[in-house]
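*Asks:* no sequence on this one, just coordinates:
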């Protein structure tokens with residue numbers, strides 16, 4: 001439900017929403033193993049915003065989340081973790097270096113912060 005809310009809110013907030021059919025669109029692909037027991041489920045469309053700032057405003061207004069960590073992955077893309085310190089809700093996004101598009105990777109309703117061990 002949360003991902004549908006993000007997609008709808010971002011579409012309403014920006015007429016320049018990312019279109020997966022657009023040749024400039026870039027998102028990670030996921031291979032899902034097929035077995036005889038696997039349900040016939042279509043993969044969800046990625047929820048994206050034109051840039052990190054717009055995505056940050058959305059998760060801030062929707063869930064009170066703020067940026068708590070930023071990392072650069074092996075491809076040079078920016079991965080950001082947002083978290084609400086009161087509710088524990090969180091969202092993780094990736095901003096693609098190639099085009100600046102920011103997409104939701106995952107999110108949840110609870111989290112725990114652990115202190116880093118001193119070295």
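*Replies:* Alright, I've got the coordinates. As the structure is a computational prediction, the values presented were derived from the model and not from experiment.
*Asks:* What segments of the protein are strands?
*Replies:* In chain order, the chain shows strands spanning 48-49, 66-72, 78-83, 90-95, 102-108, with DSSP state E as the criterion.
*Asks:* ends of stretch 78-88, how far apart?
*Replies:* 22 Å (CA to CA, to the nearest Å).
*Asks:* what's in contact with that stretch?
*Replies:* 52, 56, 59-60, 63-73, 89-95, 97, 105, 109-113 (CB atoms under 8 Å, 6 or more residues apart in numbering). For every residue, glycine as well, the C-beta is placed using N, CA and C.
*Asks:* any low-confidence regions in the chain?
*Replies:* 1-46, 117-119 (pLDDT under 70).
*Asks:* let's see it at 50
*Replies:* Residue ranges of the chain with pLDDT under 50: 1-22, 25, 27-30, 32.
*Asks:* any chance you could map the helices in it?
*Replies:* Listed in chain order, the helices of the chain (DSSP state H) span 2-13, 52-63.
*Asks:* If we go by neighbour counts, what in the last one is buried?
*Replies:* Okay, so that is helix 52-63. 52, 54, 55, 56, 58, 59, 62, 63 (16 or more other CB atoms under 10 Å).
*Asks:* what packs against it?
*Replies:* helix 2-13, strand 66-72, strand 78-83, strand 90-95, strand 102-108 (3 or more CB pairs under 8 Å, 6 or more residues apart in numbering; DSSP states H and E).
*Asks:* Which residue, neighbours along the chain excluded, lies closest to residue 64?
*Replies:* residue 84 (4.4 Å; CB to CB, 6 or more residues apart in numbering).
*Asks:* Tell me how many other residues crowd that neighbour.
*Replies:* 19 (other CB atoms under 10 Å).
*Asks:* How about residue 93?
*Replies:* For residue 93, the count of nearby residues is 25 (other CB under 10 Å).
*Asks:* Wait, it touches residue 53, no?
*Replies:* No: taking contacts as CB atoms under 8 Å, residue 93 lies outside contact range of residue 53: 11.4 Å.
*Asks:* circling back: I'd like the buried residues of helix 52-63 as CSV, with distance to residue 80 appended.
*Replies:* Formatted as CSV, the buried residues of helix 52-63 follow (distance: CB to CB, whole Å):
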residue, distance to residue 80
52, 7
54, 13
55, 8
56, 8
58, 13
59, 10
62, 15
63, 14
